[in-house]
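*Asks:* Please work out how this folds:
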Amino acid sequence: METLLISNLRKGLVERKIVVRAFRVWEATNPSKNNELISMECALVDVEGDTIQATIRKFDVPRFKSIIRENELYSLSRFIVVEATKKYRAVPNKKMIEIQKSTIVECLRSCEFEIPLHVFNFQKFSMIKDQLPNDELLIDVIGYIVGIGPMEEVNLKNRIGHKRNMELQDSENEKITLTLWEEYGYGINMDDIIDKSRTEFVVAIFCGMTVRKYKEKSYVCTTSATKCYIDEDFPEVTKFKSSLKELPQCVVELASKEVPVMTLAQQKSANRCTIDELLSLDPNEHQGQRFTCNAKVVNIDNIKGWWYTACKTCGMGMKKYDSKLWCTNCWNSNKSVAMYKINFIVQDDTNMANFIMFSNVADEFIGISARDLISYLEPETEEIPALLTECIGREEIFQVGFDRRAVGGLRRSFVVSKIFPSVATFPKISTSESGQSSKQLSYLDFESQTSEEVNTRDETELKEESYINVDINRHFLSKIIFN
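*Replies:* Numbering: from 1, shown residues only. From the prediction side, this is the model:
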């Protein structure tokens, strides 16, 4: 059977073979969920040097994990070609391969033609500086190390994270800062790099990086797709070194920018604002910052409803195309779930504002998930459930940030990222595994989550939960929801 080239691939089932090298293999994980596996990904290249990304769904990973290895040659057939995901593509190709259970994967000991060992998508540092944050296509960078910092402990959502900062310089004397998270930071031998730089350039290649921006300054950071090569014997490294005109300089040790973890009391009062002060802030200057505000819920704006159909994978809204629901972010089809988007109107002594609450906060604030709450409502009902209206009158300390979708509009709104402890406790209703008649009513006190740090660090969550579990039947649950 005649083999195909990557450039000849068309969407749909492909029965014929392609011969490729897996020049990069990684596991896509979700760091906010304890690095939960999302999929296994491969960057493939053929004899023409064309590239395409291949994906293996989570439940198929055990079947292929021991078969597909980095730098090996493979023959693939019976795979699906689809439109590439909208985020975190490691190669420019706008199509991608889905490797499924029926896909035939053969490891080749040799090949009659030469296929590249590595393919890089290097970005000039001068272009990165003008680039807006964009997770659509990951980038590769090459430069010699001019600065390196120690590992730092930082606050992240639900956990403590660790990172190292590094500074690279390219052949045009442009510099860029890199943030190396977790194993990428720990994998760097700082002392060896500094010692080696006394006599020669230490050239680093980082692949699968994403661009971030803080205070108009762009930097790049690692993702689960990142690969790091320090002073490897690659043709690209040799070519880069030959382009350098200045003499090597010893790598500078960067100062730590570590910010101490705040106490609960500090977190609750961090960036404290009244509603009037929040409304007076310029959202363009304070995007990404978090503020705390003591306010009372006085109403619910239900013009656009209190829940939406969300993608089960990424939580973004789904739209209907050709009678199917599609996520416009990751292009999953029909994998949907109901999630909260409640527009609370809150008030303090100075003014009123809209505080929007999504499921990541509302599930615990309301005490039941949107999906489970909807299952107890009459179909097509437009009334606001009693569990939501009972929130009116509650006074809380809210941690909020600007709603990015409302920036530039006439109406200013804020998204709630955390609720700090209050005197009152409130119910959490959780379904059993079967999701049928047996329910549990739980009460819990909210604990803390730090505000987002000034250097774009996320928050950590310190939570203690006290549960009083009482079995209740469907009749009692319906009283809670509707009465």
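
*Asks:* Helices along the stretch 101-250 of the chain, start to end?
*Replies:* With helices called from DSSP state H, counting those that start in this stretch, the stretch 101-250 of the chain shows them at 125-129, 183-186, 190-196, 235-242.

*Asks:* Glu364: which of those is closest?
*Replies:* Glu364 sits nearest to helix 183-186 of all the helices of the stretch 101-250 of the chain, at 31.4 Å, using CB to CB. C-beta: built from backbone N, CA, C; applies to glycine.

*Asks:* now what about that closest one, what contacts it?
*Replies:* Met151, His162, Lys163, Arg164, Thr222, Thr226, Cys228 (CB atoms under 8 Å, 6 or more residues apart in numbering).

*Asks:* Please tabulate those residues in a markdown table, including the columns distance to Ile52, pLDDT and neighbour count.
*Replies:* Formatted as a markdown table, the contacts of helix 183-186 follow (distance: CB to CB, whole Å; pLDDT from 0 to 100; neighbours: other CB atoms under 10 Å):
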| residue | distance to Ile52 | pLDDT | neighbour count |
| --- | --- | --- | --- |
| Met151 | 36 | 89 | 16 |
| His162 | 34 | 86 | 15 |
| Lys163 | 31 | 90 | 23 |
| Arg164 | 32 | 92 | 23 |
| Thr222 | 23 | 93 | 23 |
| Thr226 | 19 | 93 | 23 |
| Cys228 | 23 | 93 | 20 |
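
*Asks:* Of those residues, which is the nearest to Lys129?
*Replies:* Thr222 (19.0 Å).

*Asks:* so how far is Met209 from the nearest residue to the closest one once chain neighbours are set aside?
*Replies:* Computed as CB to CB, 6 or more residues apart in numbering, the closest residue to Thr222 that is not its neighbour in sequence is Tyr184, at 4.5 Å. Using CB to CB, to the nearest Å, Tyr184 is found at 10 Å from Met209.

*Asks:* shared neighbours, those two?
*Replies:* With CB under 8 Å, 6+ apart, Tyr184 and Met209 have common neighbours Thr222, Thr226.

*Asks:* out of those two, which sits in the more crowded spot?
*Replies:* Shown here are Tyr184 and Met209; by other CB atoms under 10 Å, Met209 has more neighbours (26 against 21).

*Asks:* does that one really touch Leu178, like I thought?
*Replies:* Yes - counting by CB atoms under 8 Å, Met209 touches Leu178, with 7.3 Å between them.

*Asks:* for Glu172, what are its contacts?
*Replies:* Glu172 neighbours (CB under 8 Å, 6+ apart): Lys124, Phe125, Ser126.

*Asks:* JSON lines for those residues, including pLDDT?
*Replies:* What follows is those, written out as JSON lines (pLDDT from 0 to 100):
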{"residue": "Lys124", "pLDDT": "90"}
{"residue": "Phe125", "pLDDT": "91"}
{"residue": "Ser126", "pLDDT": "88"}
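
*Asks:* Looking at those, which one is closest to Asn189?
*Replies:* Nearest to Asn189 among these, counting by CB to CB, is Phe125 at 24.0 Å.

*Asks:* State the phi and psi torsions of the closest residue to that closest one other than its chain neighbours.
*Replies:* Of all residues not flanking Phe125 in the chain, Glu174 sits nearest, at 3.7 Å (CB to CB, 6+ apart). Per-residue torsions, Glu174: phi -90, psi 140 (degrees, to the nearest 10).

*Asks:* Look up how far Thr210 lies from Glu174.
*Replies:* Taking CB to CB, one finds Glu174 at 19 Å from Thr210.

*Asks:* And for Ile142?
*Replies:* Per CB to CB, Ile142 is found 16 Å from Thr210.

*Asks:* re the thing from before, quick one: the residue nearest to Phe125 and Lys124 touch, right?
*Replies:* Yes - at 7.4 Å, Glu174 counts as touching Lys124 under the criterion of CB under 8 Å.

*Asks:* need the longest strand for this structure.
*Replies:* Counting residues, the longest strand found in the chain (DSSP state E) is strand 134-148.

*Asks:* Only the buried residues of that strand, if you could.
*Replies:* Buried residues in strand 134-148, defined by neighbour count with 16 or more other CB atoms under 10 Å: Leu137, Leu138, Ile139, Asp140, Val141, Ile142, Gly143, Tyr144, Ile145, Val146, Gly147, Ile148.

*Asks:* right, and the third one touches Met127 too?
*Replies:* No - with contacts counted by CB under 8 Å, Ile139 stays clear of Met127, the gap being 9.2 Å.

*Asks:* Can you get me a residue count around Phe113?
*Replies:* Phe113 has 8 neighbours, counted by other CB under 10 Å.

*Asks:* Same question for the one 4 residues further on.
*Replies:* Other residues lying near Leu117 total 12 when counted by other CB under 10 Å.

*Asks:* what sits against it?
*Replies:* Counting by CB under 8 Å, 6+ apart, Leu117 touches Arg21, Phe23, Asn71.

*Asks:* will you turn those into TSV that also has neighbour count?
*Replies:* Formatted as TSV, these follow (neighbours: other CB atoms under 10 Å):
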residue	neighbour count
Arg21	25
Phe23	23
Asn71	11
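
*Asks:* could you dump stretch 169-185 to PDB, C-alpha only?
*Replies:* The C-alpha coordinates for stretch 169-185 follow below in PDB (Å, rounded to 0.1, in the frame of the first residue of the first chain):
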ATOM      1  CA  GLN A 169      19.500  36.400  25.100                       C
ATOM      2  CA  ASP A 170      19.400  35.800  21.400                       C
ATOM      3  CA  SER A 171      21.800  36.700  18.600                       C
ATOM      4  CA  GLU A 172      20.200  40.100  18.200                       C
ATOM      5  CA  ASN A 173      20.900  40.900  21.900                       C
ATOM      6  CA  GLU A 174      17.200  40.800  22.800                       C
ATOM      7  CA  LYS A 175      16.300  39.200  26.100                       C
ATOM      8  CA  ILE A 176      13.300  37.300  27.300                       C
ATOM      9  CA  THR A 177      12.300  36.000  30.700                       C
ATOM     10  CA  LEU A 178      11.300  32.400  31.200                       C
ATOM     11  CA  THR A 179       9.200  30.900  34.000                       C
ATOM     12  CA  LEU A 180      10.000  27.200  34.600                       C
ATOM     13  CA  TRP A 181       7.400  25.500  36.600                       C
ATOM     14  CA  GLU A 182       7.900  22.400  38.800                       C
ATOM     15  CA  GLU A 183      10.000  19.600  37.200                       C
ATOM     16  CA  TYR A 184      11.300  22.000  34.500                       C
ATOM     17  CA  GLY A 185      12.700  24.300  37.200                       C
END
